[in-house]
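> Give the three-dimensional model of this entry:
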Amino acid sequence: MDSTRKGSRAPSGDEIERVFDALRNAVLDQRLAPGLQLKEQALADAFGVNRSVVRQAFARLEIYRLVTHEPNRGVFVAHPSAAEGRELFIARRYIEAAIVDLAVTTLKNSDIARLRALVRREREAYEAGDTRKALRLSIDFHLKLAEAAGNTVLASFLDELVSRTPLVVLAHRKDAGPTCTLNEHEQILDAIAARDATRARELMAEHIVHLQGRLALDRSSARAKSDIARLLGLETDSGA
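Numbering: from 1, shown residues only. Just a heads-up that it's a prediction; the model follows:
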């Protein structure tokens with residue numbers, strides 16, 4: 001659809017949400033490189049919406065610190081510095097320690113079973129070589145654990161931090177290996193199932209330290225450029 005023909009219609013909340021979710025998911029899936037410029041018109045065309053929808057989605061993404069607006073230049077995928085990366089992991093250590101502390105007393109056996117199933121899918125994805133799926137399942141583990149723990153404020157804080165983590169990983173990764181050690185999620189769940197809060201906190205802290213250790217937070221990477229519609233998976237078959 002030609003987005004210029006939609007210019008006179010006020011953007012709907014559903015449209016803004018759709019663009020926001022697609023861009024946020026692209027960040028979580030590591031499909032958008034830090035520093036990539038996001039062009040309003042290209043995105044409007046790709047999504048079949050007007051540019052005001054894209055601008056409002058950008059505004060929400062900026063709150064999450066997933067994009068930055070540079071006057072007279074445009075909007076770019078955020079490129080977190082090494083210092084920002086270190087601060088992010090410090091915050092995650094405190095917040096996720098509090099989350100597992102709560103989880104020990106609040107998670108039901110059914111909650112733990114669902115999280116174990118998610119960890120199995122993560123392992124299977126890594127074993128199948130589907131790194132993108134595995135990384136997303138790893139993110140989901142942390143978010144679902146926070147959700148199950150039952151403190152919505154902590155879960156909201158973690159949601160923002162986890163959303164920003166893939167950009168730190170892409171900007172400062174030492175290698176292309178898994179960002180999570182495969183058995184650490186299982187060990188955390190074992191401690192929660194045993195109702196051992198001290199052990200659960202220790203394991204989560206070690207896990208976050210290991211994640212940070214896979215990164216070179218004393219250097220930055222070059223900006224990458226690519227086609228926005230392809231990266232977002234919005235390309236359509238010309239015969240469709």
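> Give the next helix or strand downstream of the lengthiest helix in the chain.
Using DSSP state H to define each element, the chain has its longest helix at helix 82-106. Proceeding N to C from helix 82-106, the next assigned helix or strand is helix 109-127, under DSSP states H and E.
> Please work out the average pLDDT along the helix or strand just after that next one.
Heading C-terminal from helix 109-127, the first helix or strand you meet, by DSSP H and E, is helix 131-149. What helix 131-149 shows for mean pLDDT is 93.
> before we move on, what about stretch 100-117?
Here stretch 100-117 scores 97 as its mean pLDDT.
> repeat for stretch 71-86
The average pLDDT for stretch 71-86 rounds to 94.
> For this protein, which segments are assigned as strands?
Per DSSP state E, the chain carries strands over the ranges 37-38, 67-70, 74-77.
> Pipe the ones you listed into a markdown table and attach distance to residue 98 per row.
Yep, even glycine has a C-beta here, placed from its N, CA and C like the rest. Shown next, in a markdown table, are the strands of the chain (distance: least, Cβ to Cβ, whole Å):
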| stretch | distance to residue 98 |
| --- | --- |
| strand 37-38 | 34 |
| strand 67-70 | 28 |
| strand 74-77 | 30 |
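> Now the ones you listed in TSV, please, with extra columns for mean neighbour count.
As requested, those are arranged in TSV below (neighbours: other Cβ atoms under 10 Å):
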stretch	mean neighbour count
strand 37-38	16
strand 67-70	16
strand 74-77	18
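> just to revisit the earlier point, now the longest helix of the chain against helix 109-127, angle please.
140 degrees (axes from the mean of the first three to the mean of the last three Cα atoms, to 10 degrees).
> Can you name every helix or strand that helix 82-106 contacts?
Secondary-structure packing of helix 82-106 (3 or more Cβ pairs under 8 Å, 6 or more residues apart in numbering; DSSP states H and E): helix 131-149, helix 152-172, helix 184-193, helix 197-213.
> got the buried residues for that helix?
Neighbour counts over helix 82-106 (16 or more other Cβ atoms under 10 Å) mark 82, 84-86, 88-89, 91-93, 95-104 as buried.
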